[in-house]
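> Got a sequence here, can you build the structure:
(one chain, ligands or ions: 1)
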Amino acid sequence: NSASASPMARQADIPGVAAIIAVASGKGGVGKSTTALNLALGLRDLGLRVGLLDADIYGPSIPRLTGIREKPQLTDDKKIVPIGRFGLAIMSVGFLIEEESAMIWRGPMVASAIRQMLRDVAWGQLDVLVVDMPPGTGDAQLTLAQNVPLKGAVIISTPQDLSLIDARRGLAMFRKVNVPVFGIIENMSFFQCPHCGGRSDIFGHGGARHEAERLGVPFLGEIPLHMSIRETSDSGYPVVESQPEGPHAAIYRAIAETIR
Ligand code: ADP
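Numbers count the residues shown, from 1 in each chain. Prediction:
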């Protein structure tokens, strides 16, 4: 395990997990969970053993996006067995709590719950564990970034100014705790019409690319706002799984290649 030998290694590593990558966003609703799941599938397609931890305590959406309805089992020594779906080992805070009760969690509780999910889950042998972070850059996120031995973070933004400002805060947060940032992904980058394939730059275009350049972090790619991404996510069969030969799967796989 090269992570434990690296000077960046800080907190205790998670046994069997070679690398942990955070997927973060400055605010909710920008497509962080959709992107985290499709990136996890893209990493799987590269031949890696991949886990996905949905740590979005404010609105865990991975159960919906993967169609998982069952509750996880416990091992004899009381560890949680992640649920296997699409070749991923998946754990979500949504398996343990109701979505409504998620809203009232306070920062320290969030951090300790997530630490527990990392440590008390029988992840098995993973090349990479993708963590779908809670949106925002508050105390909970900061503690998490500090307490989890992260190899790096990916920041999801839309092209809108407001989302970009939040993305900037996210970058500052990871830099503050010395977590390398792989780069920024622009989601809902432009509207791609499912009928004619034509493109409309609804929110303006290129905002995240410029912002990445300005901030000195790589720009990892742009993902269009497309009906098939929404439909496949919301039906529980994410686009990389259900349309592996399509153009969207290719985008996620290309980004997975750069963060592997
Ligand atoms: P977040 O995790 O940032 O709150 P989600 O991943 O839950 O956001 O996405 C919010 C909504 O937007 C979902 O209905 C999802 O299907 C949709 N969505 C996300 N990315 C795209 C995209 N590139 N094209 C179309 N719909 C998208």
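> how about the residues of the protein near the ligand?
Contact residues, the chain versus the ligand (C-beta under 6 Å from any ligand atom): 25, 28-34, 61, 135, 187-188, 223, 225-226, 229-230, 233-234. C-beta coordinates here come from the backbone N, C-alpha and C atoms, glycine included.
> Residue 74 reaches residue 80, doesn't it?
Yes. Taking C-beta atoms under 8 Å as the definition, residue 74 is a contact partner of residue 80 at 6.2 Å.
> Which one of those two is surrounded by more residues?
The residue with more neighbours, out of residue 74 and residue 80, is residue 80; 19 against 12, by other C-beta atoms under 10 Å.
> show me where pLDDT drops low in the protein?
In the predicted model of the chain, residues 1-12, 98-107 satisfy pLDDT under 70.
> what are the ranges of the helices in it?
Using DSSP state H, the helices assigned to the chain run over residues 2-5, 32-45, 62-66, 107-119, 139-147, 161-176, 207-215, 227-234, 239-242, 247-259.
> doesn't residue 54 make contact with residue 94?
Yes. Contact criterion C-beta under 8 Å: residue 94 and residue 54 qualify, at 6.3 Å.
> Setting the sequence-adjacent residues aside, check what's closest to whichever residue of the stretch 51-200 of the chain sits closest to the ligand.
Residue nearest to the ligand within the stretch 51-200 of the chain: residue 61 (4.5 Å; C-beta to the nearest ligand atom). Closest residue to residue 61 apart from its sequence neighbours, by C-beta to C-beta, 6 or more residues apart in numbering: residue 33 at 4.6 Å.
> where's the one you found relative to residue 131, distance?
11 Å (C-beta to C-beta, to the nearest Å).
> How about residue 91?
Residue 91 sits at a distance of 10 Å from residue 131 (criterion: C-beta to C-beta).
> Please identify every residue contacting each of these two.
Listed as contacting both residue 91 and residue 131 by C-beta atoms under 8 Å, 6 or more residues apart in numbering are residue 53.
> Got phi/psi on residue 71?
Backbone torsions of residue 71, given as degrees, to the nearest 10, read phi -90, psi 150.
> Quick check: closest non-adjacent residue to it.
In this structure, residue 71 finds its nearest non-sequential neighbour in residue 95, 5.7 Å apart by C-beta to C-beta, 6+ apart.
> Next, the contact list for the one you found, please.
63, 68, 71, 72, 83.
> can you do 7 Å?
63, 71, 72 (C-beta atoms under 7 Å, 6 or more residues apart in numbering).
> what's the neighbour count on the last one?
Other residues within reach of residue 72 by the criterion other C-beta under 10 Å amount to 17.
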